[in-house]
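> here's a sequence, model it:
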Amino acid sequence: MIRVAAEDTDPLVMSLRMKVEQIRRHELAKAQSRLHGLERAGREEIDRMTRSLVERILVWPASELARQSSTPQRHLSVQVLCRLFNLDQERNEDSRTVHI
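Down below sits the predicted model:
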């Protein structure tokens, strides 16, 4: 389950979190064959540690976008984030949605 913080109400941040979580799960699945001898507690600790790592990495972009919510720099930051993380940003008249 992906934790949702206040700054994650931004569709871009939610998409970024979903994409990174998808990568995390994919990498854990690939590692399962090498972890088959590891006890359940060890596998759970690896899962907890990778979740924590993802959270720590995403704190800054989420916080920075929230801080820039009403500044002119936000548009540039959104463009850079979309390009860096290969997020497809699609806007319509009613709301902004971001697809991964």
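> which intervals of this protein have sub-threshold pLDDT?
With pLDDT under 70 as the threshold, the chain has low-confidence stretches at 1-9, 89-100.
> swap in 50 and give it another go.
Low-confidence segments of the chain (pLDDT under 50): 1-8, 90-100.
> find the residue at the geometric middle of it.
Nearest to the geometric centre of the chain sits residue 17, at 1.8 Å (CA atoms, centre = their mean).
> tell me which residue of this structure is furthest from the middle?
For the chain, the largest distance from the centre (CA atoms, centre = their mean) belongs to residue 37, which lies 29.7 Å off.
> relative to residue 23, how far out is that residue?
Relative to residue 23, residue 37 is positioned 25 Å away (CB to CB, to the nearest Å). C-betas here are computed from N, CA, C, even on glycine.
> what of residue 52?
Distance of residue 52 to residue 23, given as CB to CB: 15 Å.
> next, the contact list for residue 85, please.
16, 19, 20 (CB atoms under 8 Å, 6 or more residues apart in numbering).
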